Structures are given as C-alpha cells and as structure tokens.
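Participant: 3D, please:
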Amino acid sequence: MKLLALDTATERMALALWDGSAVAEQGTHRLAEGGAQSSTHLIPMLLALLAERGLCLADLDAIAVGQGPGAFTGLRTAISVAQGLAFGANKPVLMLDSLMLVAEAARLEAPVAPGSTVWVAMDARMDEIYAAAYAHDGRAWKTLAAPALMDAPSLNAAWQALPPACVAGSAAAAFGERLHTQGLLTVAGVTHRAQALLALARAAWQQGPPRAPEDAQPLYLRDKVAQTTAERMAQRLAKEQGAAG
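Facilitator: Below you'll find the predicted structure:
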C-alpha cells in the first residue's frame, strides 16, 4: 500500500506519504502555510516528497485529501490538486474529514483517554466556528456530532448536551472566554498534523472503497464566503450596540 495524503483546510498545510514500510512526512510543524497560501507550493512539495522516497505518481495506490470543512481557497486547492494528480495517474481518491484530522493530531499531542469526547472547534472567521465531536475507542474514530458551522453561544449549548473532555483546534484561543473551556483540556492540534493525516489516510484505505477522482468534492459549510463592505460595517455596528447595551 502506497498512499499520498494532503490537507490544506487550515492555516497550516499537512503532507504525508506512506510507502508500505516507512513513513516520509512533511507537516505543519516545519513546512508551509496552508489555506489561501497553499496553491503556490503544494504541487512542488508533493512531487519532492515522492522523489525523496524514489516514487512517482504511478506507484501510488490512492491519493487522500482533506475535504474540509475549512478555508474556501484551501479546500478548492486541495481538491483540485488531488483530482488532477489522480486523473493523470489513474488513481482513486480517499476523502478525509479535516476536523477529524485535528482530533487525531490532538490525540497524538495530549493525554486524551480512549472513549472520551473530543470536540474540535476551529476558528472559521466572520465570528463563526467549524465544530464537530468525535470519540476514539483505541482503534478508530467515531463521529458523535457531524461538522457544523456555529457561533459561540450555539457551541456552548452543544457542549451542555454533549460535554467535551477535550477541545481541540484554534477557536479556544481565538474566542477566549466566549467559549466555556474553563477546566477542560484544550489542544491546538497542530504539532502532529502530518502524522495524523497519515493515520487517517491509512484508516480510510482499510475501510474503503475509495472514490473516483470526479466524485471528490469539498465539504463547504458556509454558502457565502465573503461579506460586502456594508455587511461588515453592519455586523461591527451590531456588536458595538450589543456591547453598549
């Protein structure tokens, strides 16, 4: 089994390669910016990663890609690159949950007990959060709450119904006291992002079946990805009025 995996859904890009006996990885802790910045260096880095192991695209069994949710430009870049490489090499595609990737990175980074509820909360900008809940039984992840776009009050309410043992991702730092994380284990889920990507890719291959490249689609949770100047001003005014009240 030989797998190439990539994820550019967040501000950090993760790349990984499994050649069946050894791991070669390039990841968030020592390489490139993700999101909108990933389009400039993703393909050269992928090809360099293959070359380091003496492999080419034809040697792969599949290409795994993070489908989101995440930054619009980053998702579009990752899916387009994965589709292009898969079409050119006649290989299938494995679709990975980008929030589950953060949960797996947190599990590698912190003492997350098997079976405990891990909520992933990623800053989605525009005062919103990409959130999902998972639990790992020691062998595989189970989705407890599917990825959704929430504001801080909605996420706090969701935590009342399904209390987290750990909160992973960037939202805890970005939202501060607006998210009720006091007393909870909070993990950024960045340090081991490439290792986590590889683990999810291998699990996806074992679970199967992979998809044809044309069936690879990003997971967008936000219909509108940009605000007009008037909308931004109205949102700022509403916040100021709320604070004054």
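
Participant: hey, let's count contacts and neighbours off CA atoms from now on
Facilitator: Noted.

Participant: Quick check: pLDDT value at residue 41.
Facilitator: Residue 41 is assigned 77 on the pLDDT scale.

Participant: actually residue 224, not the one I typed
Facilitator: 52.

Participant: Repeat that for the one 5 residues further on.
Facilitator: In the predicted model, residue 229 carries a pLDDT score of 50.

Participant: Also residue 71?
Facilitator: 85.

Participant: from what I can see it touches residue 10, true?
Facilitator: Yes: with contact defined as Cα atoms under 8 Å, residue 71 reaches residue 10; the gap is 6.2 Å.

Participant: More neighbours: which of those two?
Facilitator: The neighbour comparison of residue 71 against residue 10 (other Cα atoms under 10 Å) goes to residue 10, with 30 against 22.

Participant: a strand runs through that one, doesn't it?
Facilitator: No: per DSSP: H, G, I helix; E, B strand; the rest coil, residue 10 lies outside any strand segment and is coil.

Participant: After the lowest-mean-pLDDT helix or strand in the chain, which helix or strand is next?
Facilitator: Least confident helix or strand of the chain, by mean pLDDT, DSSP states H and E, is strand 23-26 with a mean of 50. Next helix or strand after strand 23-26 toward the C-terminus (DSSP states H and E): helix 42-52.

Participant: where does the protein dip in pLDDT?
Facilitator: Along the chain, the parts satisfying pLDDT under 70 run over 21-40, 223-245.

Participant: At the geometric centre of the protein, which residue sits there?
Facilitator: The centroid of the chain falls nearest to residue 98 when counting by Cα atoms, centre = their mean (2.5 Å).

Participant: residues contacting residue 104?
Facilitator: Contact analysis of residue 104 by Cα atoms under 8 Å, 6 or more residues apart in numbering lists 189, 193, 196, 200.

Participant: farthest-separated two in those?
Facilitator: Pairwise distances across the contacts of residue 104 (Cα to Cα) peak at 14.3 Å, for the pair 189 and 200.

Participant: what's in contact with the top strand by length along the chain?
Facilitator: The single longest strand within the chain, with elements called by DSSP state E, is strand 141-150. Strand 141-150 has contacts (Cα under 8 Å, 6+ apart) with 69, 99-100, 128-136, 221-222.

Participant: now the strands for this structure?
Facilitator: 3-7, 14-18, 23-26, 62-66, 93-96, 117-123, 129-136, 141-150, 166-168, 185-187.

Participant: where's the residue nearest to residue 162 when sequence neighbours are not counted relative to residue 163, distance?
Facilitator: The shortest distance from residue 162 to any non-neighbouring residue, by Cα to Cα, 6 or more residues apart in numbering, is to residue 117 (8.0 Å). Plainly put, residue 117 is 7 Å away from residue 163 if you go by Cα to Cα, to the nearest Å.

Participant: Pick out whichever of those two has more residues nearby.
Facilitator: Taking neighbours as other Cα under 10 Å, residue 117 and residue 163 compare with residue 117 leading, 21 against 17.

Participant: Wait, that one touches residue 164, no?
Facilitator: Yes: between residue 117 and residue 164 there is a contact at 5.1 Å, judged by Cα under 8 Å.

Participant: quick one on the thing from earlier: buried among the contacts of strand 141-150? Make that a PyMOL selection.
Facilitator: To isolate the buried members of those in PyMOL, using 16 or more other Cα atoms under 10 Å:
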select buried, resi 69+99+100+128+129+130+131+132+133+134+135+136+221+222
